[in-house]
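Q: My questions concern the predicted model and sequence given below.
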Amino acid sequence: DAGVIQSPRHEVTEMGQEVTLRCKPISGHNSLFWYRQTMMRGLELLIYFNNNVPIDDSGMPEDRFSAKMPNASFSTLKIQPSEPRDSAVYFCASSRQGGSYEQYFGPGTRLTVT
Amino acid sequence: GNSVTQMEGPVTLSEEAFLTINCTYTATGYPSLFWYVQYPGEGLQLLLKATKADDKGSNKGFEATYRKETTSFHLEKGSVQVSDSAVYFCALGPIGANSKLTFGKGITLSVRP
């Protein structure tokens, strides 16, 4: 069974450019989470969706960040315009609502903004 | 609100040493508890979980027991290997209507041969 799929795995871009990160959750999972991980700030939850609806976006740093989930099998995280301080590893995770709610993480996208 | 406190790191051990990583939590209700592991260059993986008080989660030689009386979920392994070098995160399950986990800050374990 395929796990959470993220693309691209690595992204290098220049300051001011638009960046789009993509995630395909595990089939049958109805919650999806976007995290950011840096050495300085550790692991931060940016936003999460239940049944494709954004539930909590309080972790989104600012208006430059936006996330969408148009259907149960796809989500995007967009940064426009990007800045060097956005450099981090971005993880997508999914879970099934109910039960113990364990999350399954993708391999991450390493973003470098120069 | 809910919170997770992990012991400060990093931790460096010799191969075959005994490992304990402390985790305590604050929560209303009785959430599930988790340990996740992140190997270098990878995403987080679920290592083990416990869903109710006195449950013991175990996997790959690691164990943790859900202790309601001490609000703890300490991770232990009797004999660590070099391949156990990773970052370990304790996490608290959701309570109520939300679905999100509450993660601790993580602790880096390095095991030397």
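A: Nice, thanks for sending it over. Numbers count the residues shown, from 1 in each chain, chains lettered A, B, ... in the order given.

Q: where does chain B come near chain A, residue by residue?
A: Within chain B, the residues that sit near chain A (Cβ under 8 Å from any Cβ of the partner chain) are B:32, B:34, B:36, B:42-46, B:49, B:51, B:89, B:93-94, B:98-101, B:103, B:105-106. The C-beta positions use only the backbone N, C-alpha and C, and glycine is treated the same way.

Q: One more pass at 6 Å, please.
A: Residues of chain B lying close to chain A (Cβ under 6 Å from any Cβ of the partner chain) are B:32, B:43-44, B:46, B:49, B:51, B:93-94, B:99-101, B:103, B:105.

Q: and of those residues, the nearest to residue A:3?
A: residue B:43 (8.8 Å; Cβ to Cβ).

Q: from what I can see that closest one touches residue A:110, true?
A: No. Using Cβ atoms under 6 Å, residue B:43 is not in contact with residue A:110; the gap is 11.3 Å.

Q: who's more crowded, those two?
A: The residue with more neighbours, out of residue B:43 and residue A:110, is residue B:43; 21 against 16, by other Cβ atoms under 10 Å in any protein chain shown.

Q: where does the residue nearest the centre of chain A land in three-state SS?
A: In chain A, the centroid-proximal residue (Cα atoms, centre = their mean) is residue A:34; its distance is 3.1 Å. Assigned by DSSP: H, G, I helix; E, B strand; the rest coil, the conformation of residue A:34 is strand.

Q: Next, find the distance separating it from chain B.
A: 11 Å (Cβ to the nearest Cβ, to the nearest Å).

Q: Leaving out sequence neighbours, find the closest residue to that residue.
A: In space, and not counting its chain neighbours, residue A:34 is closest to residue A:46: 4.5 Å by Cβ to Cβ, 6 or more residues apart in numbering or on different chains.

Q: so what sits against both of residue B:43 and residue A:110?
A: Counting by Cβ atoms under 6 Å, 6 or more residues apart in numbering or on different chains, no residue touches both residue B:43 and residue A:110.

Q: Format the residues of chain B next to chain A as CSV; extra columns: secondary structure and pLDDT.
A: As requested, the residues of chain B next to chain A are exported to CSV (DSSP: H, G, I helix; E, B strand; the rest coil; pLDDT from 0 to 100):
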residue, secondary structure, pLDDT
B:32, coil, 91
B:43, coil, 93
B:44, strand, 95
B:46, strand, 95
B:49, strand, 95
B:51, coil, 91
B:93, coil, 88
B:94, coil, 82
B:99, coil, 77
B:100, coil, 85
B:101, coil, 89
B:103, strand, 92
B:105, coil, 93
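
Q: Just give the strands next to the worst-scoring helix or strand of chain B on mean pLDDT in its sheet, each with its orientation.
A: The weakest-scoring helix or strand in chain B, judged by mean pLDDT, DSSP states H and E, is strand B:102-103 (a mean of 91). Paired neighbours of strand B:102-103 in the sheet (DSSP bridges): strand B:86-92 (antiparallel).

Q: Which residues are in contact with the residue nearest to the centre of chain A?
A: A:46-47, A:67, A:77, A:92.

Q: Can you tell me which of the residues you listed is nearest chain B?
A: residue A:92 (8.7 Å; Cβ to the nearest Cβ).

Q: Among the residues of chain B next to chain A, which one sits closest to residue A:6?
A: Ranked by distance to residue A:6 (Cβ to Cβ), these are led by residue B:43 at 8.3 Å.

Q: who are the neighbours in contact with the residue found closest to that closest one once you drop the neighbours it is linked to in the chain?
A: Nearest residue to residue B:43 in three dimensions, chain neighbours excluded: residue A:105, at 3.7 Å (Cβ to Cβ, 6+ apart). Residues in contact with residue A:105 (Cβ under 6 Å, 6+ apart) are A:91, A:93, B:43-44.
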